[in-house]
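>>> what's the 3D shape of this:
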Amino acid sequence: CLRRVVANDSTYNAQLFTQRAEEIIRAHNTSRPLMMYLAYSGPHAPTQAPTRFTSRFQNITNTSRRTYLAMVEAIDEGVANITKLLQSRGMWEDTVFVFMSDNGAPLGPGSNWPL
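Predicted coordinates for the structure are as follows:
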């Protein structure tokens, strides 16, 4: 299953990671266990996201905050797509899904309130 995720066509990395995870899930023999570790690299610097994600937050006037939200949205979309695929392949009921972040929000565009 190991293969470098590479694209030189300006594809956003969250989308690349999701696409590769989907390829692995689609090709997997569902009668056998699957262990997958998917480590999205966002939201981290550099803060950038495709327009299709930033455009969802046009009501946010702070551009740093808008970009940060778009980065999180890209990951949310990927997790949702992977979850739906696991469900459609009949793998969800036997899945342990752990979602975690490595740290809190950065000062400035993020917020850890009410923590």
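>>> lowest confidence element among the helices and strands of the protein?
Least confident helix or strand of the chain, by mean pLDDT, DSSP states H and E, is helix 51-54 with a mean of 91.
>>> List the buried residues for that helix?
Phe53, Thr54 (16 or more other CB atoms under 10 Å). C-betas here are computed from N, CA, C, even on glycine.
>>> Name the next helix or strand following that helix along the chain.
Downstream of helix 51-54, the next assigned helix or strand under DSSP states H and E is helix 63-88.
>>> Buried residues of stretch 15-33, list them for me.
Result for stretch 15-33 [16+ other CB under 10 Å]: buried residues Gln15, Phe17, Thr18, Arg20, Ala21, Glu22, Ile24, Ile25, His28.
>>> I'd like to check which residues are in contact with the fifth one.
Neighbour list for Ala21: Met36, Leu38, Gly78, Ile82 [criterion: CB atoms under 8 Å, 6 or more residues apart in numbering].
>>> which SS class is it?
Put simply, Ala21 is helix when judged by DSSP: H, G, I helix; E, B strand; the rest coil.
>>> Tell me how far it lies from Ala27.
11 Å (CB to CB, to the nearest Å).
>>> Tell me how far the residue of the chain positioned farthest from its centre lies from Thr83.
Using CA atoms, centre = their mean, the residue of the chain lying farthest from its centre is Ser31. It sits 26.4 Å away. Distance from Ser31 to Thr83, counting by CB to CB: 21 Å.
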